[in-house]
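> just a sequence and a predicted model for now, questions to come.
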Amino acid sequence: MPSPLLLAPPEIVEEIILLATAAHPAGPPSSLYALQVTCRHLHRTLHANHNPRLFAGIYMQMFGDAHRIRTLVMARDRTGDVSLLSQTLAVELQSRLGTMQVFRDVFASLDIGLYDPKLPDAFLQAYLMLLQDPASVVQLRWARAYEVCLAWLKNRLHEGALANNGWPVENVTNALVVSLFWSLDSRAAIGAESQQLRAEVLELLQPFVQASFRYPCGNVPDHVFEACASSKTSGPDAGPTTGRHTAHGAWPPTRLAPIHVAFVGLEGLVEVPMPSIALYAIPAYFARLAMTPMAIPSSLPRTRAEAIDRGYGPHGVTIEDIIAFNEHAGVRFPDAADFRSETGLMVAPSLSQLRPTNTPRLAPYILGSITGSWRGSYAHLSREAYTHMLEHRTAPAQFPRMVRKPIYITFQEHYNYSPGRPIPLPLEERGFANAWLPDKCVWRLCEDHIEFSGVDGDWAATYRTYEPGLGGREDCHPQRNAAAPIDVVVTGKTSEDGLVWNPLRFYGRVRPSDGRVTLVAEASDPERSHVGRWIYTGYVTASGNFVGRMMFCDAGIDPPPWDGVFCLSKV
């Protein structure tokens, strides 16, 4: 007697398969494979060549961005191209399943698998999967891509360092591996690491974290505000550098060239920048540092009341302050739920921020990304240790220890939709040292806006203050020209619960070309002016981290005479 499935309408069979696949979301559609081998009729009916619609449905289930794909399907349906899109998704599904299988095969035999010639392309395809459908993290974890990346870190990340004066090479594969390693990381994975393994990972990542003069955090020089062809530092058509040199070569270093790829649902090729090792190494590094709580000196007062009684004043550090930091100031980990949100960015741009190459490459900053309260820490070497590395071409045999300190900040964005830039743009290097605001610039914070003006009265500008759920929404600004650039100024100060560590004030601007946030940090109390002025520059990530470098700017900024790294998570 023939199976009832042979008599059922194809739509019913497809629905059964999709329901079975949804019950086991991670990994290939095993229920589909089981049905395909039952008989010749079902094998033909359920084959991708004959039923691309089914494979398109499985693609939507597995890779999380069903809303985007359904929107594309509806758009194609109006033009009669829906079948073509289904075929495209079916091919894409098979390609992704092939990438996942490469990782499974490599993991099954890591000793020789790490040298599999298919592995470098699998790293690239996995990176592109996360850009297109960031919830692919679930599938890549199932494929054991995280374990493969960890094995690469331990066995091949520093390959070639001996011929590079002891410094690991920032090539395409290493950049992809470190980016995937952090993108697939989790609290559970780090918690399962032995102390020995955690220390080994920290040691492997240290060069990328500590040596800004070799491993910058972006593809455009720090001091450049408006990127153009002459400011490119990546690829064969890279423009001229600043003309400065360190013991390590030209500054800034030449970056990895972008690639051009076709994405599902987008016409034409899209230019995709290669990831910066430093931007992914920094949060992975801090996440492991946070597993070791900050030590609590027994001599400290336990509470604020006790601190005041003992003459420490209202801002002396107490045992309660350190306990609170240890419990609540860790790094936020990447998560599929975060990636589905458009309230922030991945460190690499997500598909919604990529554009075809005949238009601007990136539109990466989403208004509201940095407004709010942040907690985290910064870390730096002693000035002597940093200077020694900067001035000596050979990597140290043992990288020096970094000092880690808490930092709590509340940020506020202020924006302007003017086609021009109402605040004059100063000369690049001088402007960067003042976070791209004119030297002779004053401002006044009002209830819902901020007013800027030149001290000589030669210019003035008003920026609206961003309000979550209101400010910056398109429907609140019907007069906005969608093609007009947004100019975003950021102000901030140390949060009330962080004043015990270091009361600071912040101000700066967002670079429109890549969403880089650059801020001046200086003491809010004139009596603490000895701390000097620091520049914080980095990126906001989709997982809710603000990641980058901080540099001391008392004697030039290019290359920085002394710097550190920071990683803050949104509260």
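Yep, that arrived.

> what about residue 304, how many residues nearby?
16 (other C-beta atoms under 10 Å). From N, CA and C alone the C-beta is placed, and that goes for glycine too.

> on the pLDDT front, check it for me.
For residue 304, the model assigns a pLDDT of 89.

> list the contacts of it.
The contact partners of residue 304, taken as C-beta atoms under 8 Å, 6 or more residues apart in numbering, are 314, 318, 320.

> highest neighbour count among the residues you listed?
Busiest of the contacts of residue 304 [other C-beta under 10 Å] is residue 318, holding 21 neighbours.

> relative to residue 403, how far out is that one?
Using C-beta to C-beta, to the nearest Å, residue 318 is found at 20 Å from residue 403.

> could you pull out the strands in the stretch 251-400 of the chain for me?
Using DSSP state E, counting those that start in this stretch, the strands assigned to the stretch 251-400 of the chain run over residues 259-262, 269-272, 372-380.

> what residues sit buried inside the lengthiest helix in the chain?
Counting residues, the longest helix found in the chain (DSSP state H) is helix 82-108. Residues of helix 82-108 classed as buried: 82, 85-93, 96-97, 99-100, 102-107 (neighbour count, 16 or more other C-beta atoms under 10 Å).

> cool, stretch 492-506 as well?
492-495, 497-506.

> swap in stretch 442-459?
443, 450, 452, 453, 454.

> ok, the fourth one to residue 432 distance?
Read that as residue 453. In terms of C-beta to C-beta, residue 453 sits 22 Å off from residue 432.

> tell me the domain ranges of this structure?
For the chain, automatic domain parsing gives the domain ranges 4-142, 229-290+329-570.

> and the shortest one, average pLDDT?
Just to be clear, that refers to domain 4-142. 77.

> ok now it, how far from the chain's centre?
27 Å (C-alpha atoms, centre = their mean, to the nearest Å).

> spatially nearest residue to residue 174, not counting backbone neighbours?
Leaving aside its chain neighbours, residue 174 sits nearest to residue 157 (5.9 Å; criterion: C-beta to C-beta, 6 or more residues apart in numbering).

> you'd agree the one you found is in a helix?
No. Looking at residue 157 with DSSP: H, G, I helix; E, B strand; the rest coil, it is coil, so not inside a helix.

> how about the contacts made by it?
168, 174, 177, 178, 204.

> buried ones in stretch 297-310?
In stretch 297-310, counting by 16+ other C-beta under 10 Å, buried: 300, 301, 304, 307.

> ok, now stretch 381-398?
For stretch 381-398, using 16+ other C-beta under 10 Å, the buried residues are 381, 385, 386, 389, 390, 395.

> residues touching the fifth one, list them.
By that I understand residue 390. Contacts of residue 390 by C-beta under 8 Å, 6+ apart are 213, 246, 247, 248, 559, 561.

> redo that, cut-off 6 Å
Applying C-beta atoms under 6 Å, 6 or more residues apart in numbering to residue 390 gives the contacts residue 213.

> roughly how far apart are it and residue 533?
20 Å.

> check the third one too.
Relative to residue 533, residue 386 is positioned 17 Å away (C-beta to C-beta).

> least confident secondary structure element in the protein?
helix 336-340 (a mean of 44; mean pLDDT, DSSP states H and E).

> now do the strands in the stretch 451-571 of the chain.
Counting by DSSP E, counting those that start in this stretch, the strands of the stretch 451-571 of the chain are 460-465, 487-494, 504-510, 517-523, 534-540, 545-552, 563-570.

> likewise for the stretch 101-250 of the chain?
Under DSSP E, counting those that start in this stretch, the stretch 101-250 of the chain gives strands at 244-246, 249-251.

> buried deepest among the ones you listed, which one?
Highest mean neighbour count among those (mean count of other C-beta atoms under 10 Å): strand 249-251, with a mean of 15.

> partners of it in the sheet?
strand 244-246 (antiparallel) (DSSP bridges).

> quick one: mean pLDDT over the partner strand.
83.

> what helix or strand is residue 11 on?
helix 10-23 (DSSP states H and E).

> ok, then the element right after that helix?
helix 30-36.

> just the CA atoms of that next one, as CSV, please.
C-alpha atoms of helix 30-36 as CSV (Å, rounded to 0.1, in the frame of the first residue of the first chain):
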residue,chain,number,x,y,z
SER,A,30,17.6,15.8,8.6
SER,A,31,13.9,15.1,8.3
LEU,A,32,14.0,16.2,4.7
TYR,A,33,16.9,13.9,4.0
ALA,A,34,15.1,11.0,5.6
LEU,A,35,12.1,11.4,3.4
GLN,A,36,14.2,11.8,0.3
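
> returning to that earlier point: got JSON lines for the contacts of residue 157, with distance to residue 565 and pLDDT too?
Listed next are the contacts of residue 157 as JSON lines, based on distance: C-beta to C-beta, whole Å; pLDDT from 0 to 100:
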{"residue": "168", "distance to residue 565": "17", "pLDDT": "97"}
{"residue": "174", "distance to residue 565": "19", "pLDDT": "98"}
{"residue": "177", "distance to residue 565": "20", "pLDDT": "98"}
{"residue": "178", "distance to residue 565": "14", "pLDDT": "97"}
{"residue": "204", "distance to residue 565": "16", "pLDDT": "98"}
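
> looking at those residues, which is nearest residue 568?
Within the contacts of residue 157, the smallest distance to residue 568 is 20.2 Å, found for residue 178 (C-beta to C-beta).

> who's in contact with that closest one?
So residue 178 contacts 277, 280, 281 (C-beta under 6 Å, 6+ apart).

> what is the helix holding residue 11 packed up against?
helix 52-63 (3 or more C-beta pairs under 6 Å, 6 or more residues apart in numbering; DSSP states H and E).

> packing partners for the helix it packs on?
helix 10-23, helix 82-108.

> by how many degrees do the longest one and helix 52-63 diverge?
Read it as helix 82-108. 50 degrees (axes from the mean of the first three to the mean of the last three C-alpha atoms, to 10 degrees).

> tell me what helix 82-108 is packed against?
Counting by 3+ C-beta pairs under 6 Å, 6+ apart, helix 82-108 packs on helix 52-63, helix 66-79, helix 119-132, helix 145-155.
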